[in-house]
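A.B. asks: Task: produce atomic coordinates for the following.
(chains A, B, C and D)
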Number of protein chains: 2
Amino acid sequence: MAPRDPFRTSEVASRRSRPAKPPLSRDAIVEEAYRQVIAPDGAGMSLRRVALALDTGPASLYAYVDDLTELQALVLDRALDDVTVGAPGDPWRARLDLILGSYLRAISASPALARLAFGAIAVGPNALRITEAVLEVLAGAGVDRATAAWAVDLLTMFVSAQAAEHAPTMHAAEPGGHAAEPGGPVAQALDRASAEAFPHVYAARGDLLSGSGEERFAWAADVLIRGILARAGQAPG
Amino acid sequence: MAPRDPFRTSEVASRRSRPAKPPLSRDAIVEEAYRQVIAPDGAGMSLRRVALALDTGPASLYAYVDDLTELQALVLDRALDDVTVGAPGDPWRARLDLILGSYLRAISASPALARLAFGAIAVGPNALRITEAVLEVLAGAGVDRATAAWAVDLLTMFVSAQAAEHAPTMHAAEPGGHAAEPGGPVAQALDRASAEAFPHVYAARGDLLSGSGEERFAWAADVLIRGILARAGQAPG
DNA sequence: TATTCGTGACGAACGCCGTTCGTCAAGGAC
DNA sequence: GTCCTTGACGAACGGCGTTCGTCACGAATA
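C.D. replies: Numbering: from 1, shown residues only, chains lettered A, B, ... in the order given. Purely as a prediction, here's the structure:
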């Protein structure tokens, strides 16, 4: 910053052009970081830009947050505010679909958030709330406790992986959107599979790319749930 | 670099202390990057360090590789060299376990590789080889083609997610190893769940952390396969 | 043979990033 | 009124991916 002219007394009276900047606080930091991570420009969040938006320097954040990792965990739990867990009376399968669907929607709000959700481990209060609900649902479906416990892990991993998988790793918002679209790199790779060398791939090349994201998510969730029910009763491990 | 003394003629005769540095090439770049990504120091790979190891500057790599992303894709396929796909005569379930297991082992060679494998989309020749084998196995198990096509995606996503999930996002190799161990942040979070507010979590707190990585992987793979078989015959979507 | 030209190599720089250190001023304690 | 704690923060460090402009070298041309 350029040295301030000591004679410009007006600058001394009010050092900030912005009115009444809120004092730094953990909540303000998390809120701004969350704002950035879901911003449609796809830039994601960064400590420096959070500090800049809060009208301070990067070093100041370290009074409220240990680490980038901790901030990410806080932001993730903030994002999980939007997850709906239904009510105990709901039919179990519909309730599970509701939970998983709203979970997917919450962390798919932006590619940056999806990547963050996969990388961070969800241990905040919202994660607890969701885990409780899923355990309750599975118990209602007749799944034994040990199987249900492992199933929660599998289901949440599945949802965050699904969200992160299709999130481009770059800042480049490609015209086509996903990478699995016709003309994309996957389609190109499939074209390289000759009928002689890779007969099964060749035969299935249409199916490998078919379906929308929602269809495939619903299909995969159904596969998981059927598998879990099939294992219910047999203690895992 | 400091300006070279024009009188030290010996330096002119041989500019490099290292003998016969191999000429830059795509293969040499990929090989060095792979070496870095599986290095036990956990530093992962970077364009700059690859260039440094090859005794050149970062800019020189761009003659052989478009992008960091492209290099990552090449490294990933290089890593998949080690995946075993078995033979058509093998019993289908054992063969599938073999493929998934060796896939998991290949990309779990280091946390950095695991993260890379999840982020990059596998479209190289090895990915094709693996896809072909899995499709073959599922066909042998009586799964229809459309279901099998979607199942391949689900299975590979599951394996790379499993590998990446437990790979710390940091360069910090924590003493305890995984984050889900007793005393880790997950265990701490579970301790915060009171029996009144979160009865199911409280009751299942032991099961949520039980089992080794291998046990849970085997269990989850079994869940997936059962689910896929349950959907076989019903066209997906 | 002498000259031109295309091209691969690469030093230097740009603009990001997370993190640390040392300073400094404001406010409470005495 | 003075001391001391502590939050704020400017500056810097080392690392990252990527780009640009230059330059030397070998092949093609005259």
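A.B. asks: Run the chain-centre distance for stretch A:41-55.
C.D. replies: The chain centroid and the centroid of stretch A:41-55 are separated by 18 Å under C-alpha atoms, centre = their mean, to the nearest Å.
A.B. asks: Check stretch A:43-59 too.
C.D. replies: The answer for stretch A:43-59 is 21 Å, by C-alpha atoms, centre = their mean.
A.B. asks: do the same with stretch A:60-77
C.D. replies: So, by C-alpha atoms, centre = their mean, the centroid of stretch A:60-77 is 17 Å from its chain's centroid.
A.B. asks: measure that stretch end to end?
C.D. replies: One end of stretch A:60-77 sits 22 Å from the other (C-alpha to C-alpha, to the nearest Å).
A.B. asks: Next, the buried residues of it.
C.D. replies: A:61, A:64-65, A:69, A:71-77 (16 or more other C-beta atoms under 10 Å in any protein chain shown). (C-beta placed from N, C-alpha, C; glycine too.)
A.B. asks: And the nearest residue to residue A:146 once chain neighbours are set aside, how far from residue A:153?
C.D. replies: Residue nearest to residue A:146 in three dimensions, not counting chain neighbours: residue B:207, with 4.6 Å by C-beta to C-beta, 6 or more residues apart in numbering or on different chains. For residue B:207, the distance to residue A:153 (C-beta to C-beta, to the nearest Å) stands at 10 Å.
A.B. asks: Please list the residues of chain A that sit near DNA strand D.
C.D. replies: A:1, A:23-24, A:56-60, A:62-64 (C-beta under 7 Å from any atom of the strand).
A.B. asks: out of these, who's nearest residue B:125?
C.D. replies: residue A:58 (44.2 Å; C-beta to C-beta).
A.B. asks: Can you tell me which of the buried residues of stretch A:60-77 end up in helices?
C.D. replies: Under the assignment DSSP state H, the buried residues of stretch A:60-77 contribute A:61, A:69, A:71-77 to helices.
A.B. asks: Closest one to DNA strand C out of these, please.
C.D. replies: Closest approach between these and DNA strand C, by C-beta to the nearest atom of the strand: residue A:69, at 6.4 Å.
A.B. asks: I'd guessed that closest one sits against residue A:123; true?
C.D. replies: No - using C-beta atoms under 8 Å as the test, residue A:69 is too far from residue A:123 to be in contact (11.6 Å).
A.B. asks: Just read off the phi/psi values of residue A:103.
C.D. replies: Per-residue torsions, residue A:103: phi -60, psi -50 (degrees, to the nearest 10).
A.B. asks: That one contacts residue A:129, correct?
C.D. replies: No - if you go by C-beta under 8 Å, residue A:103 and residue A:129 don't touch, sitting 11.2 Å apart.
A.B. asks: can you list residues touching both of those two?
C.D. replies: residue A:83 (C-beta atoms under 8 Å, 6 or more residues apart in numbering or on different chains).
A.B. asks: Low-confidence stretches in chain A?
C.D. replies: A:1-23, A:168-182, A:235-237 (pLDDT under 70).
A.B. asks: can you list the residues of it near DNA strand C?
C.D. replies: So chain A meets DNA strand C at A:45-49, A:58-59, A:62, A:67-69 (C-beta under 7 Å from any atom of the strand).
A.B. asks: how many other residues sit next to residue A:143?
C.D. replies: Neighbours of residue A:143 under the rule other C-beta atoms under 10 Å in any protein chain shown: 21.
A.B. asks: Alright, calling it a day.
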